[in-house]
Structures are given as C-alpha cells and as structure tokens.
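**Student:** For reference, the sequence and a predicted model appear below.
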Amino acid sequence: MELQHNQNGTALLDVTQVGRVFGGIRAVSDVSIHIDHGELIGLIGPNGAGKTTFFNLLTAVYEPSSGSITFDGKDTRGLKPYQITSRGMARTFQNIRLFNDLSVLDNVKIAYHRHAKHTIWSSFFRLPSHFRNEQEMTEKAVSFLKIFNLDHKKDEIAKNLPYGEQRRLEIARALAAGPKLLLLDEPAAGMNPQETQDLMKLIYWIRDEFKLSILLIEHDMSLVMGICERIYVLDQGKLIADGTPDEIKKNPRVIEAYLGQEV
Ligand SMILES: Nc1ncnc2c1ncn2[C@@H]1O[C@H](COP(=O)(O)OP(=O)(O)OP(=O)(O)O)[C@@H](O)[C@H]1O
C-alpha cells in the first residue's frame, strides 16, 4: 500500500532518544523510532527488553526520564493517558483489560462514547437527541463487533467469553475509539495457531480498512514477520536493530539477543 504522509510531511509518531529509568534500572534507553501514516510496524525483543515500558511511555502511563515523543505533530509531554487516547492513540494490554462485568456491547460503547454528541442534560432528561445518539452509538458498536465476529455475543458478560474472543473484544474496543495509531501488546498471546492466523489477517485488514498505523508487540515471530513492513528490536532497553522482516531475520545482533530461539 502507498504510505500517506501528513500535511507537513512528518511522521505520525516521532520518538526521539526516549529513556525511562526505574530506580537504578534503565528499562528503556535512548530509543528513537518513527511511524508514518498507514504503516504496520513490529516491536520485538526478548523478555524484559522494555517493550511494554515503551508502550507505557507512548501512552503516557509513564513520563519519559529523557527524550521526546511527538504524536500527530504535537509533543505529548504532560498529557494524561485519556488525552493521548482522544488525540488518536489507542492500545490493548498484555494482560487483557476489559470491563469484566459489563456486556460485550457496553465494553465497545464505552470507548465509542467520546464521539457521542449528546450532553449530560439531554441524557438526564432523555431528550430525543439522546435516544438518537444512543441508538447511533449502539449501531456503531455492533458494527465494530461484527468485524470481530462478536456481534452475536453482544449481550454476554465480557468475562464469560473464551480467551481468544476477549482478546478480539479488546481490539474492537480500542478500534472504536477512532485511533490514528493502534498499539497492540501481544495480541496473539494465548491463541492457538488457527486463531493466530485469523488474527493476522484481521490486523492487516483493519489497517487497510481504517487507514490506521499499527505498532505491534508480539512474541509470535510468524505473525510479526508475516505482516509487519518494518520491525524494531529492543534488547535490555536499547534499540539494537530496525529493518524489514528479511533484514531482521539475518541481523547478527538480533540473532545473538535471541540466542537459542528461532527468529
Ligand atoms: N514499574 C516498574 N518499576 C520497576 N521496574 C520496572 C517497571 N516496569 C518495568 N520494569 C523493568 O523494566 C524492564 C523492562 O520491562 P518490560 O515489561 O518493559 O519488558 P518487556 O519487553 O515488555 O518484557 P516481556 O516481553 O516479558 O513482557 C524489566 O527489567 C522490568 O523489570
């Protein structure tokens, strides 16, 4: 696919020499990456390499100890996680985070809420505009659920879904927030090979259909190598390589970092 650049030709996400220290541990050290509009990028690395910490820096769960993060042309320093989401960055988590006791439908509607036009007054007095928007919101949420083949489960309680479906619901919810950049933290974790294959096709399709950029942390190399256009590799908090899947597979530093594991 042809990559789109934003108006001033800069990347959608520009991370410059970002670092994060916890006590004496440099979880992330001097990492610079960029993601253009429409790119599907992988972030890999052995356990403890700093991948999730990096996601937490991007989404303002943690403040960087050093460096800067520019998203959609603006510095993100000082923003809260919900402000990052409303600027167009949504994520999923390594350990699934759903509203467990809410229905599948409500889990998606919560994310979609920021697009809702109704005011607190129209909701309180149940004015016709409230119902129109509520109805629209439900229809939109169901359309997201359809993409993930979960619409027939819309009234089930989220925690009762099988694991693979909970993962898909989490992605549906992130997508419903209308992101420009979707961050997926190990989306295939705990899935069987068939589910992983299906997820792979789905992620690819989502990127094209919604014209998003996607950054994906994943240990399943067949998935990463199969769908990502470029891959960044972290090891002990440092960026040790970046390139196409073919370049990464052959990179001696990557092979060394994964010593004993198949890249
Ligand atoms: N809140 C924290 N306080 C202290 N140390 C932390 C914190 N978060 C992460 N770390 C440390 O930072 C390093 C990187 O951890 P991180 O979870 O980012 O790695 P990861 O690449 O996501 O690993 P995995 O693939 O196992 O999920 C680890 O040494 C971890 O113990």
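**Tutor:** That came through fine.

**Student:** Give the bridge partners for the residue most central in space within the chain, please.
**Tutor:** Nearest to the geometric centre of the chain sits residue 183, at 1.6 Å (Cα atoms, centre = their mean). Here residue 183 sits in beta bridges with residue 91, residue 215, going by DSSP bridges.

**Student:** I'd guessed it sits against residue 56; true?
**Tutor:** No: in this structure, residue 183 is not within contact of residue 56 by Cβ atoms under 8 Å, at 10.1 Å. C-beta: built from backbone N, CA, C; applies to glycine.

**Student:** contacting residues for residue 33?
**Tutor:** By Cβ atoms under 8 Å, 6 or more residues apart in numbering, the contact set of residue 33 is 13, 15, 41, 232, 239, 242.

**Student:** With pLDDT, secondary structure and distance to residue 224 added, can I get those residues in a markdown table?
**Tutor:** As requested, the contacts of residue 33 are exported to a markdown table (pLDDT from 0 to 100; DSSP: H, G, I helix; E, B strand; the rest coil; distance: Cβ to Cβ, whole Å):
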| residue | pLDDT | secondary structure | distance to residue 224 |
| --- | --- | --- | --- |
| 13 | 97 | strand | 18 |
| 15 | 97 | strand | 19 |
| 41 | 97 | strand | 10 |
| 232 | 97 | strand | 11 |
| 239 | 97 | strand | 16 |
| 242 | 96 | strand | 13 |
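
**Student:** would you turn those into JSON lines with neighbour count and distance to residue 70?
**Tutor:** JSON lines is the format used below for the contacts of residue 33 (neighbours: other Cβ atoms under 10 Å; distance: Cβ to Cβ, whole Å):
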{"residue": "13", "neighbour count": "24", "distance to residue 70": "7"}
{"residue": "15", "neighbour count": "24", "distance to residue 70": "8"}
{"residue": "41", "neighbour count": "21", "distance to residue 70": "16"}
{"residue": "232", "neighbour count": "25", "distance to residue 70": "17"}
{"residue": "239", "neighbour count": "22", "distance to residue 70": "17"}
{"residue": "242", "neighbour count": "18", "distance to residue 70": "18"}
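
**Student:** Turn those residues into a markdown table, including distance to residue 101.
**Tutor:** Formatted as a markdown table, the contacts of residue 33 follow (distance: Cβ to Cβ, whole Å):
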| residue | distance to residue 101 |
| --- | --- |
| 13 | 34 |
| 15 | 36 |
| 41 | 35 |
| 232 | 37 |
| 239 | 40 |
| 242 | 42 |
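
**Student:** of these, list those near the ligand.
**Tutor:** Applying Cβ under 6 Å from any ligand atom, the subset of the contacts of residue 33 adjacent to the ligand is empty.

**Student:** Name the residues of the stretch 51-200 of the chain found near the ligand, please.
**Tutor:** When proximity is defined as Cβ under 6 Å from any ligand atom, the stretch 51-200 of the chain approaches the ligand at 51, 52, 53, 94.

**Student:** so who does the residue nearest to the centre of the chain touch?
**Tutor:** Residue 183 makes contact with 55, 58, 59, 89, 90, 91, 92, 214, 215, 216, 217, according to Cβ under 8 Å, 6+ apart.

**Student:** And for residue 239?
**Tutor:** 30, 31, 32, 33, 232, 233.

**Student:** For this protein, which helix or strand comes out least confident on mean pLDDT?
**Tutor:** helix 120-124 (a mean of 51; mean pLDDT, DSSP states H and E).

**Student:** circling back: any chance of TSV for the contacts of residue 183, columns distance to residue 149 and neighbour count?
**Tutor:** Output for these, formatted as TSV (distance: Cβ to Cβ, whole Å; neighbours: other Cβ atoms under 10 Å):
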residue	distance to residue 149	neighbour count
55	26	21
58	29	24
59	27	22
89	26	27
90	20	23
91	22	24
92	17	25
214	19	24
215	24	24
216	20	23
217	24	24
